[in-house]
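[1] sequence plus predicted model, see below.
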Amino acid sequence: MANEMHGTLFANVQPVSGGTYQAGPLGEEAFLITIVTPIYEVLQKEARRNQGGRVSHASWRNYDDLNEYFW
């Protein structure tokens, strides 16, 4: 999806080769698999690090910390 946006923003031309950008066909679950799943896996890993809420908030990242990357 990011590649598609890049192609749209830069007049559909590849910056290195100068060739025209062609988006490949994506399945109906492509966004879920390529965007949502990796974010979920990071959140899941960080949630395990909090040891049931017994660890200091400063020692692990939660949803709000990760959400700041998208501001």
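    Nice, I can see it.

[2] all helices of the chain, in order?
    2-9, 30-31, 37-49, 63-67 (DSSP state H).

[3] now mean pLDDT too, for those helices, in a markdown table please.
    Shown next, in a markdown table, are the helices of the chain (pLDDT from 0 to 100):
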| stretch | mean pLDDT |
| --- | --- |
| helix 2-9 | 66 |
| helix 30-31 | 87 |
| helix 37-49 | 85 |
| helix 63-67 | 75 |
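
[4] could I get these as TSV with distance to residue 55 and mean neighbour count?
    Every C-beta, even on glycine, is put in place using the N, C-alpha and C of the backbone. Formatted as TSV, the helices of the chain follow (distance: least, CB to CB, whole Å; neighbours: other CB atoms under 10 Å):
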stretch	distance to residue 55	mean neighbour count
helix 2-9	33	11
helix 30-31	32	12
helix 37-49	7	12
helix 63-67	14	10
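
[5] Serialize those helices to a markdown table and add fields for distance to residue 57.
    Shown next, in a markdown table, are the helices of the chain (distance: least, CB to CB, whole Å):
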| stretch | distance to residue 57 |
| --- | --- |
| helix 2-9 | 31 |
| helix 30-31 | 31 |
| helix 37-49 | 11 |
| helix 63-67 | 9 |
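
[6] need the contact list for the closest residue to residue 59 other than its chain neighbours.
    In space, and not counting its chain neighbours, residue 59 is closest to residue 49: 7.4 Å by CB to CB, 6 or more residues apart in numbering. By CB atoms under 8 Å, 6 or more residues apart in numbering, the contact set of residue 49 is 55, 59-60.
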